[in-house]
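> this one's sequence-less:
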């Protein structure tokens, strides 16, 4: 799984730039873990990267966090106490640093973290605008970004009573 952080800047002539600031990948554990839980681990990794950056940032910023997993977004909308232990612990960790409203959905083919988690050849990565600059809409005003999707968290895996 992978987390990638981009910094968007706007120049005085209102040109918006977006560049990769930091990224980190981790290899999935040997124990077989379902994809949604690996996606949640990616959200935890991203949260950790953001937490480390926030400590060092000396300027104002807006925080937007993206995942292509609708299940992760649903888990983040539920009370962690209603979730099974693995998921609950990670959701609590994510929500200690970020707010649920910081999290948005990104289409899989526009998710640069997938390049880090699924792997690619070095030349592909070097030439990848998605990796180095994020999705094309990131260089647009926020009003031009994809419409937020809503998720119904009622059907997600919860504790058994």
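Yep, that arrived. Model, not experiment: these values are computed from the prediction.

> Please tell me how far the residue nearest to residue 103 when sequence neighbours are not counted sits from residue 102.
Distances taken as Cβ to Cβ, 6 or more residues apart in numbering place residue 65 nearest to residue 103, at 5.1 Å, with adjacent residues excluded. Just so you know, the C-beta spots here come from the backbone N, C-alpha and C atoms, and that holds for glycine as well. Distance of residue 65 to residue 102, given as Cβ to Cβ, to the nearest Å: 5 Å.

> Between these two, tell me which one has more neighbours.
Neighbour count, other Cβ atoms under 10 Å: between residue 65 and residue 102, residue 65 has more, with 20 against 17.

> helices and strands around the single longest helix found in the chain, which ones?
Taking DSSP state H as the criterion, the chain has its longest helix at helix 35-56. Under the contact definition 3 or more Cβ pairs under 8 Å, 6 or more residues apart in numbering; DSSP states H and E, helix 35-56 sits against strand 2-10, strand 16-25, strand 65-67, helix 70-77, helix 85-97, helix 113-118.

> wait, which of these is closest to residue 145?
Proximity to residue 145 (Cβ to Cβ) singles out strand 65-67 among these, at 9.9 Å.

> what's in contact with that closest one?
Applying Cβ atoms under 8 Å, 6 or more residues apart in numbering, the external contacts of strand 65-67 come out as 39, 42-43, 46-47, 50, 73, 98, 102-106, 111.

> Any idea how far stretch 7-19 is from the middle of the chain?
21 Å (Cα atoms, centre = their mean, to the nearest Å).

> What mean pLDDT does it get?
What stretch 7-19 shows for mean pLDDT is 89.

> Pull the residues that contact it.
By Cβ under 8 Å, 6+ apart, stretch 7-19 touches 6, 21, 132, 133, 134, 138, 139, 140, 141.

> so what's the first one bridging to?
If I follow you right, that is residue 6. residue 20 (DSSP bridges).

> so who does it touch?
18, 19, 20, 21, 112, 133, 134, 138.

> Any figure for the gap between it and residue 25?
16 Å.

> are any of the contacts of strand 65-67 buried, and which?
By neighbour count, with 16 or more other Cβ atoms under 10 Å, the contacts of strand 65-67 hold 39, 42-43, 46-47, 50, 73, 98, 102-103, 105-106, 111 as buried.
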